[in-house]
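> sequence first, predicted coordinates after that:
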Amino acid sequence: MTKAQPALNLRRIDLNLLRVFDAVFEDRNLLRAGKRLHLSQSAISHALGRLREGLEDELFVRTAKGMEPTARALAMAPPLREALRSIEDTLGVQAFDAATSARRFVVAANDYVTSVLLTRLTGRMQVEAPLSDLVVRPSTRLDLAEQLDVGRIDIALGIFAEVPARFQSVRLWLQEDVLVFRRGHPLARRKPGVRDLANHPLLTVSLGGQEEGAVSGFIVERGLARQSEMFDRSALEDALAAAGLRPRYRLTVPHSLAVPDLLAGSDMLSIVPAPLARAFVERRELVAKALPYATQHAIVRAVWHRRHEHDPAHLWLRELLAELAMSFGA
């Protein structure tokens, strides 16, 4: 039988203790949680001690990796964070002034989106929100949906086949695949054909394969299906199969920004999103050409939890991302 939770004495709990719990849960570090709340580490420890006593649970266990939450803390965190946000909304304490706010935003993105979009975001933040901080976490992590659920990530950026009802999303841009290769490549002076994609080995970018549960190029976690491959594999293989050919996947890597270095001195070809290809061409790292077959256009989205829908700071960030993404396409 499941052990019943001890009765809670509400007189021993106050809102400040719950805010401490929320900060420690997100940061997994007493010092960082203290800085966020403008409290000393000893004050955080004391508050956590009072909360442990009131709830009769350790809540967090100190490990080499930081303050690891107990099962009770993991169960408490999502509804508690939602309740705190509701209280803040009700009391009207969430006013956001970008020029003076010291808000920390946490965004999940792969290296491609970080390079083409978040570099622009940081430039704008330096001007419009100089006291705010930006933390970028990898969108390839397998617990991405959970991180959104518990509030450790504000927004996830990427390509998603499915977005559960508990999340909201907005389209940032529509992109197509482009063929890239080194400067001086034999294909640089002519239009590539389907047979060229079989005659030259390929460098591909994969953010998670079948061994991690990928199906048809997507990994599903807690209902959120995120892209695992950075190109339309099916379109490529169908185009070659129609000509009786097969692709040669010589090299597969998880980092798109490594593509120029890996193509240098090689006759390999790579297929990457058009905004990334333009960045490579602008830096004179690679040559880009249209693919000799049709591909499915992919939609890059921003995804967030519904509880953030009316958060002024969150809304400011979403609108800024959408504005910056306009130059990448429809």
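Noted; the coordinates are in hand.
> switch to C-alpha atoms for all contacts and neighbour counts from now on
Fine.
> domains of the protein?
Domains of the chain are assigned by automatic domain parsing as 10-91, 104-161+306-328, 177-296.
> can you add mean pLDDT and distance to residue 167 and give the ones you listed back as JSON lines?
Output for those, formatted as JSON lines (pLDDT from 0 to 100; distance: least, C-alpha to C-alpha, whole Å):
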{"stretch": "domain 10-91", "mean pLDDT": "83", "distance to residue 167": "13"}
{"stretch": "domain 104-161+306-328", "mean pLDDT": "91", "distance to residue 167": "5"}
{"stretch": "domain 177-296", "mean pLDDT": "90", "distance to residue 167": "9"}
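> got these as a markdown table, with distance to residue 170 and mean neighbour count columns?
What follows is those, written out as a markdown table (distance: least, C-alpha to C-alpha, whole Å; neighbours: other C-alpha atoms under 10 Å):
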| stretch | distance to residue 170 | mean neighbour count |
| --- | --- | --- |
| domain 10-91 | 21 | 16 |
| domain 104-161+306-328 | 8 | 18 |
| domain 177-296 | 15 | 18 |
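> want to throw those into a markdown table with distance to residue 171?
Converted to a markdown table, the domains of the chain look like this (distance: least, C-alpha to C-alpha, whole Å):
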| stretch | distance to residue 171 |
| --- | --- |
| domain 10-91 | 25 |
| domain 104-161+306-328 | 8 |
| domain 177-296 | 14 |
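> between the ones you listed, which one is nearest to residue 169?
Proximity to residue 169 (C-alpha to C-alpha) singles out domain 104-161+306-328 among the domains of the chain, at 9.2 Å.
> span of that closest one from start to end?
26 Å (C-alpha to C-alpha, to the nearest Å).
> same question for stretch 133-152.
14 Å.
> now do stretch 106-118
Distance between the two ends of stretch 106-118: 12 Å, counting by C-alpha to C-alpha.
> could you do stretch 286-305 as well?
38 Å.
> what's the answer for stretch 23-42, then?
Note: stretch 23-42 ends 15 Å apart using C-alpha to C-alpha.
> ok, and what's touching it?
Applying C-alpha atoms under 8 Å, 6 or more residues apart in numbering, the contact partners of stretch 23-42 are 20, 43-45, 66-69, 77, 151-152.
> ditto for stretch 111-130
With C-alpha under 8 Å, 6+ apart, stretch 111-130 has contacts from 98-101, 132, 134, 136, 138, 157-158, 255-257, 275-276, 279, 320-321, 324-325.
> just the strands in the stretch 51-200 of the chain please.
In the stretch 51-200 of the chain, the strands defined using DSSP state E, counting those that start in this stretch lie at 60-63, 66-69, 104-109, 133-138, 155-162, 167-175, 177-182.
> need those strands in JSON lines with distance to residue 236, can you?
Conversion of the strands of the stretch 51-200 of the chain to JSON lines gives the following (distance: least, C-alpha to C-alpha, whole Å):
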{"stretch": "strand 60-63", "distance to residue 236": "47"}
{"stretch": "strand 66-69", "distance to residue 236": "45"}
{"stretch": "strand 104-109", "distance to residue 236": "25"}
{"stretch": "strand 133-138", "distance to residue 236": "27"}
{"stretch": "strand 155-162", "distance to residue 236": "19"}
{"stretch": "strand 167-175", "distance to residue 236": "16"}
{"stretch": "strand 177-182", "distance to residue 236": "10"}
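> so which of those is nearest residue 237?
Across those, closest to residue 237 is strand 177-182 (C-alpha to C-alpha), at 14.0 Å.
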